[in-house]
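In: Structure of the sequence below:
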Amino acid sequence: MAEEKKAPRWLPLEANPDVMNKYVRGMGVGESYVFCDVYGLDPELLAMLPQPVVSLLLLFPITDKSEEHTKMENEKIQSEGQVVSDKVYFMKQIVGNACGTVGILHSLANNAETLYLGDGYLKTFLEKTASMSPMERAIFLGEFEEISEAHETSAKEGDTEAPPPNTKVNLHFVSLVHREGHLYELDGRRPFPINHGPTTAETFLNDAAAICKRYMERDPEEVNFNMIALAAN
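Out: From the prediction side, this is the model:
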């Protein structure tokens, strides 16, 4: 019997806006929107961000509490159902430590109409995966050399040295986006997008911040949370 092919593992990507901006510029994304640090979720700190904010990336620690919540939320949705717009671009994650890139792709793909996407490998990736299933997109990402090579380069450019690819990392990125009047949480570890209810361009930042607060409230003893906004430059 042939040995099952193991999924590839990448170096973890640091939650660093400078690294992410260089990464996406190399993909062909214009400079009209940039990733920037979110220093807190209080209204006065959110108001300091450039506007509009079109996506939030949340980095959170994977713990027993977060895993239990994920399991319960998935089961509830599978039982009760939810409405998900067919305009939502969603992909699974099968490449180890690729959650940073998957989160970035979720943020960019669901704002492609707003961003300037010049000729480059992001545009190519989105065009080739447009009609694919979430799992097919995940497989394609693992085989798409331009992004995997750029991810590795970016992972080595952070302020801290990236651990080896086989290191178990308990931090995970998810993307929060506004699509077709609803706020979606996009997590490649989940079986589907999570529809968190109605939002607007004007309320998205505060609505997304409320989702981040819930993560923190579920694990009040944890401090390793980080938020990065994709905002107008």
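
In: for the lowest-mean-pLDDT helix or strand in the chain, packing partners?
Out: Of all the helices and strands that make up the chain, helix 145-155 has the lowest average by mean pLDDT, DSSP states H and E, namely a mean of 87. Under the contact criterion of 3 or more C-beta pairs under 8 Å, 6 or more residues apart in numbering; DSSP states H and E, helix 145-155 touches helix 17-27, helix 99-109, helix 121-129, helix 134-143. To be clear about C-beta, it is placed using only N, CA and C from the backbone, and glycine gets the same treatment.

In: and the angle for that helix with helix 99-109?
Out: Counting by axes from the mean of the first three to the mean of the last three C-alpha atoms, to 10 degrees, helix 145-155 lies at 120 degrees to helix 99-109.

In: The helices and strands packed on helix 145-155 into TSV, with extra columns for distance to Ile211 and mean pLDDT?
Out: Formatted as TSV, those follow (distance: least, C-beta to C-beta, whole Å; pLDDT from 0 to 100):
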stretch	distance to Ile211	mean pLDDT
helix 17-27	20	93
helix 99-109	14	96
helix 121-129	25	94
helix 134-143	21	95
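
In: could I get the ones you listed as CSV with mean neighbour count?
Out: Converted to CSV, those look like this (neighbours: other C-beta atoms under 10 Å):
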stretch, mean neighbour count
helix 17-27, 19
helix 99-109, 26
helix 121-129, 17
helix 134-143, 17
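
In: Out of those, the one nearest Leu46 is which?
Out: helix 17-27 (15.9 Å; C-beta to C-beta).

In: distance of the residue lying closest to Thr114 once chain neighbours are set aside from Leu108?
Out: Residue nearest to Thr114 in three dimensions, not counting chain neighbours: Val54, with 6.0 Å by C-beta to C-beta, 6 or more residues apart in numbering. Applying C-beta to C-beta, to the nearest Å, the value for Val54 to Leu108 is 10 Å.

In: Could you do Pro52 as well?
Out: For Pro52, the distance to Leu108 (C-beta to C-beta) stands at 15 Å.
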